[in-house]
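Engineer: model the structure of this input:
(one chain, ligands or ions: 3)
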Amino acid sequence: MSKNIPFIPDNAPFSPEQRAWLNGLVASLFSSAPVPASSPVGQRIAVLYASQSGTAEGLARKLAKELKAQGYAPAVSTLVGYTPAALAAETHALILASTYGDGDAPDGVQPFYEQLCLEHFPRMEKLRYSVFALGDKNYEHFCKFGADLDTKLASLGANPIARRVDSDVDVDQPFSNWKAAVLAQLNRNEPVARTEHHASVPALAKTAETRSGEVAGPQKTQPKFSRENPLLARLVDKRRLTQSASTKVTLHLAFSTEDSHLTYEAGDAFGVLPNNDPNLVAEILQRLGFNGNEQVALGNVGATTLHNALLHNLQITRLSRKIVQEFAKRGNCAPLHAMLAPDRQAALEQYSSERGLVDLLVEFPGVVEEPADLVAMLPRLTPRLYSISSSPLAHSGQIHATVAVVRYVANQRERGGVCSTLLADRTFLSDRLPIYIQPNKKFRLPADPNAPIIMIGPGTGIAPFRGFLHERRALGHAGRNWLFFGERSSSSDFLYREELESMLADGHLTRLDTAFSRDQPDKVYVQDRILEQSRLFWQWLQENASVYVCGDASRMAKDVHAAVRKVVEQEGGMSPEKAEEYVSQLKDQHRYHRDVY
Ligand SMILES: Cc1cc2nc3c(=O)[nH]c(=O)nc-3n(C[C@H](O)[C@H](O)[C@H](O)COP(=O)(O)OP(=O)(O)OC[C@H]3O[C@@H](n4cnc5c(N)ncnc54)[C@H](O)[C@@H]3O)c2cc1C
Ligand SMILES: NC(=O)c1ccc[n+]([C@@H]2O[C@H](COP(=O)([O-])OP(=O)(O)OC[C@H]3O[C@@H](n4cnc5c(N)ncnc54)[C@H](OP(=O)(O)O)[C@@H]3O)[C@@H](O)[C@H]2O)c1
Ligand SMILES: Cc1cc2nc3c(=O)[nH]c(=O)nc-3n(C[C@H](O)[C@H](O)[C@H](O)COP(=O)(O)O)c2cc1C
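Structural biologist: Residues are numbered from 1 along each chain as shown. Ligands and ions are numbered 1, 2, ... in the order given. Predicted coordinates:
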């Protein structure tokens, strides 16, 4: 038997998910072999994470726990403020890295990467490493930062312990696969064959600047309020922005931050720590035959009741592969086993997208016998982010949000998004909710008060632009402001209509181009309006305008990007390649910013 763990080659006829699953299976088979005498037990292993909303950090801590249990000496650290010199001093590093912005590093991690990319940086041949990249396939640059880091370390001569795994949002299975492969190799103390990497390391994205021109770097002081220590903010305003005739509900919300010293800048987002619908929790408990007072233990919460855990801490409305696997195993459920086969990924995704925990309890009753088993299979409930739609100068002591309420019917059941229905149905004026600021240093107004800006924000994408417009007015900035807004219908979905029309009337908003998609037989979107105004758009670009895009990532952002490129091609007389280069340069000059979700 070969000493190295075999890998399914990249050109084998499997999808990336199937390949990851098979690699994990092979790795776990190999890792169940006894630990050889040469295994580096007691070995120091740096566990490094680049994380913004905490997923990579959580996995890093989980990994460290497991490494410790196996006798290694893990040293966990964030890459914010970390130096490549410290990395070069390690012999083993396991790196968990998420991607943000347009394929960029999470906030504060860019300085580490930039230093690593300096030409004179010494080689790292003594380092053995592996990267777990976290991302979301809805984004154009899937897992790009993790991939760049992996490529860079390999080019510096570091030796991979196990191949990089690129994970979509459902991290559990890919993480288990990667961990199994890493542990198996660590226990064997062998480097694997080098991962095939692209020949060239992608050019560095320039460091974003804050409005004051300060280079964004590791945060010097910890913010007072954080995900771990949120502010309990009081709801002081709540009104519907869409009319009653609309097919959707979008809300304007204001939270008071008075006396809290919580600060933010226009362009930032804020996180809400939500809780689940109590009616759904009651139904789940009833179907399980539990009363909710059963004691359970949660990693970072400690002992609590099952009711509290289901209400506040556990994600119960989405199904992950892990939950389906657990049900299949515990209940020996043949239909679930069938869907877990590597070639049935699409069927599993379809099944999961229409169901939550309660559906499994209905379809496969009696599978969960112990509260602890349920807690172990459910992921943690994560905060939801909202772009701030106020300006700290114009709306002092408040944070505003523009929230589309998620409601849909699937598998014959009415369902709601956890946080948006919490805000819509279960939060009333004067109620308090835990919130924290999620800075977005790459989404800032230009420092030049006279620079023109073009904002493209259909739907809730309008949120940061309402903040920008109020902020520019409060600052007395004279630069021209052009807004593209789109929604379904002008009569019922024109968000902030009066405010925008009044800004247009007094000249603060130079242009407002709207695209109401369902007001005519054929759909009209913001990108159609951009193309209709391509000459003027190009002229603004020539006059140093910055372009901002906010809203849906899966379709809108890609289509708008294509429209901007088309404007450059058409009006600048460039080839498609040159036009893409031009848009890339806009990004490098901090003149093309996207905040898409
Ligand atoms: C940086 C950032 C800024 C954001 N800003 C805003 C903002 O300003 N305003 C805003 O409203 N949102 C914003 N969001 C989105 C927001 O964070 C939440 O994702 C959104 O409110 C939904 O959360 P939820 O808890 O209500 O729904 P969840 O419980 O998270 O449920 C949403 C999930 O439901 C499923 N789903 C939804 N519709 C259907 C359907 N028709 N069929 C089947 N499944 C479906 C999908 O799996 C979807 O992912 C932002 C996100 C990010 C990352
Ligand atoms: N999972 C998805 O596929 C999906 C898609 C969109 C939004 N969302 C999420 O739903 C939530 C609410 O969305 P929202 O209220 O902000 O509005 P939205 O659903 O993004 O819709 C706003 C406007 O954008 C239009 N639109 C649809 N596709 C577009 C495209 N490719 N290019 C440009 N415009 C397009 C819509 O038209 P029509 O609706 O008439 O086509 C509508 O007029 C957000 O959280 C968003 O991320 C999810
Ligand atoms: C504003 C925003 C931008 C993102 N941009 C990307 C991206 O460009 N590419 C990608 O693969 N994932 C992207 N993601 C997805 C995150 O990388 C993913 O959710 C990851 O699990 C977050 O890990 P963290 O919680 O450790 O920060 C983005 C997420 C957000 C909220």
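Engineer: the residue in the stretch 51-200 of the chain positioned nearest to ligand 2: how many residues sit nearby?
Structural biologist: With C-beta to the nearest ligand atom, the shortest gap between the stretch 51-200 of the chain and ligand 2 falls at residue 138, namely 7.8 Å. Just so you know, the C-beta spots here come from the backbone N, C-alpha and C atoms, and that holds for glycine as well. Neighbouring residues of residue 138 were enumerated by other C-beta atoms under 10 Å; the total is 16.
Engineer: leaving out sequence neighbours, find the closest residue to it.
Structural biologist: Distances taken as C-beta to C-beta, 6 or more residues apart in numbering place residue 554 nearest to residue 138, at 4.5 Å, with adjacent residues excluded.
Engineer: hmm, which helix or strand of the chain has the shakiest average pLDDT?
Structural biologist: The least trusted helix or strand in the chain, going by mean pLDDT, DSSP states H and E, turns out to be helix 16-31, with a mean of 52.
Engineer: I'd like the distance between the residue in the stretch 151-300 of the chain positioned nearest to ligand 2 and residue 384.
Structural biologist: When C-beta to the nearest ligand atom is the measure, the stretch 151-300 of the chain has its nearest residue to ligand 2 at residue 250, with 5.7 Å between them. Taken as C-beta to C-beta, to the nearest Å, the spacing of residue 250 relative to residue 384 amounts to 15 Å.
Engineer: likewise residue 99?
Structural biologist: Summarising the geometry, the distance separating residue 99 from residue 384, computed by C-beta to C-beta, is 19 Å.
Engineer: the more surrounded of those two?
Structural biologist: Neighbours of residue 99 and residue 384, each counted by other C-beta under 10 Å, are more numerous for residue 99; the result is 26 against 21.
Engineer: could you pull up the residues touching that one?
Structural biologist: Taking C-beta atoms under 8 Å, 6 or more residues apart in numbering, we find residue 99 in contact with 105-106, 133-135, 139, 141-146.
Engineer: over to residue 495?
Structural biologist: The neighbourhood of residue 495, defined by C-beta under 8 Å, 6+ apart, consists of 241-242, 250, 402, 459-460, 462, 485, 487.
Engineer: how about this protein: which residue is closest to ligand 1?
Structural biologist: Using C-beta to the nearest ligand atom, the point where the chain gets nearest to ligand 1 is residue 417, with a distance of 2.2 Å.
Engineer: how many other residues sit next to the residue lying closest to that residue once chain neighbours are set aside?
Structural biologist: If you skip the residues right next to it in sequence, residue 417 has residue 406 as its closest partner in space, 2.9 Å away by C-beta to C-beta, 6+ apart. Per other C-beta under 10 Å, the neighbour tally for residue 406 reads 16.
Engineer: low-scoring pLDDT stretches of the chain, where are they?
Structural biologist: Filtered on pLDDT under 70, the chain yields the residue ranges 1-40, 189-223.
Engineer: do you know how far the residue of the stretch 1-150 of the chain found nearest ligand 3 is from residue 142?
Structural biologist: For the stretch 1-150 of the chain, the residue closest to ligand 3 is residue 135, as judged by C-beta to the nearest ligand atom, at 2.3 Å. The gap separating residue 135 from residue 142 is 5 Å, by C-beta to C-beta.
Engineer: list residues touching both of the two?
Structural biologist: Contacts common to residue 135 and residue 142, judged by C-beta under 8 Å, 6+ apart, are 99, 166, 168.
Engineer: give the contact list for the last one.
Structural biologist: Contacts for residue 168 (C-beta under 8 Å, 6+ apart) come out as 135-137, 142, 174.
Engineer: can you list the residues of this structure near ligand 3?
Structural biologist: Residues of the chain lying close to ligand 3 (C-beta under 6 Å from any ligand atom) are 51-56, 98-103, 106, 134-136, 139, 141-144, 169, 597.
Engineer: related to what we said a few turns ago, check the gap between the residue nearest to residue 417 and ligand 3 for me.
Structural biologist: Counting by C-beta to the nearest ligand atom, to the nearest Å, the gap from residue 406 to ligand 3 is 16 Å.
Engineer: likewise residue 379?
Structural biologist: For residue 379 relative to ligand 3 (C-beta to the nearest ligand atom), the value is 12 Å.
Engineer: likewise for residue 257?
Structural biologist: Shown here: residue 257 relative to ligand 3, a distance of 22 Å by C-beta to the nearest ligand atom.
Engineer: now intersect the residues of the chain next to ligand 3 with the helices, please.
Structural biologist: Assignment to helices by DSSP state H places the following of these there: 55-56, 144.
Engineer: now do the strands in the stretch 201-350 of the chain.
Structural biologist: Assigned by DSSP state E, counting those that start in this stretch, the strands in the stretch 201-350 of the chain fall at 231-240, 250-256, 269-272, 295-298, 302-305.
Engineer: output the longest one in CSV, but only the C-alpha positions, please.
Structural biologist: The C-alpha coordinates for strand 231-240 follow below in CSV (Å, rounded to 0.1, in the frame of the first residue of the first chain):
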residue,chain,number,x,y,z
LEU,A,231,-25.8,45.9,21.8
LEU,A,232,-29.4,45.4,22.8
ALA,A,233,-30.8,48.1,20.6
ARG,A,234,-34.3,49.4,20.9
LEU,A,235,-36.6,49.4,17.9
VAL,A,236,-37.9,53.0,17.5
ASP,A,237,-39.4,53.0,14.0
LYS,A,238,-40.9,50.4,11.8
ARG,A,239,-43.0,51.0,8.7
ARG,A,240,-43.8,49.3,5.4
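Engineer: and that strand, which strands flank it?
Structural biologist: When pairing is defined by DSSP bridges, strand 231-240 lines up against strand 250-256 (antiparallel), strand 432-438 (antiparallel).
Engineer: do the last one and ligand 1 meet at all?
Structural biologist: Same thing as strand 432-438. No - using C-beta under 6 Å from any ligand atom, strand 432-438 stays clear of ligand 1, coming no nearer than 6.9 Å.
Engineer: what separates that strand from the chain centre, distance-wise?
Structural biologist: Its chain's C-alpha centre and that of strand 432-438 lie 17 Å apart, by C-alpha atoms, centre = their mean, to the nearest Å.
Engineer: give the buried residues for it.
Structural biologist: Of the residues in strand 432-438, 433-438 count as buried by neighbour count, 16 or more other C-beta atoms under 10 Å.
Engineer: ligand 1 contacts on the protein?
Structural biologist: 269, 317, 353, 384-387, 402-404, 406, 408, 410, 417-420, 460, 463, 597.
Engineer: now list the buried members of the residues you listed.
Structural biologist: Judged by neighbour count, with 16+ other C-beta under 10 Å as the criterion, the buried members of the residues of the chain next to ligand 1 are 269, 317, 384-387, 402-404, 406, 417-420, 460, 463, 597.
Engineer: returning to that earlier point: show me what contacts the residue of the chain closest to ligand 1?
Structural biologist: Applying C-beta under 8 Å, 6+ apart, we find residue 417 in contact with 317, 405-407.
Engineer: ok so, going back, in strands only, show me the shared contacts of residue 135 and residue 142.
Structural biologist: Per DSSP state E, strands hold the following members of these: residue 166.
Engineer: tally of neighbours for the nearest residue to residue 245 once chain neighbours are set aside?
Structural biologist: Distances taken as C-beta to C-beta, 6+ apart put residue 492 closest to residue 245, at 4.7 Å, once the chain neighbours are dropped. Using other C-beta under 10 Å, residue 492 is surrounded by 17 other residues.
Engineer: no further queries at this time; thank you.
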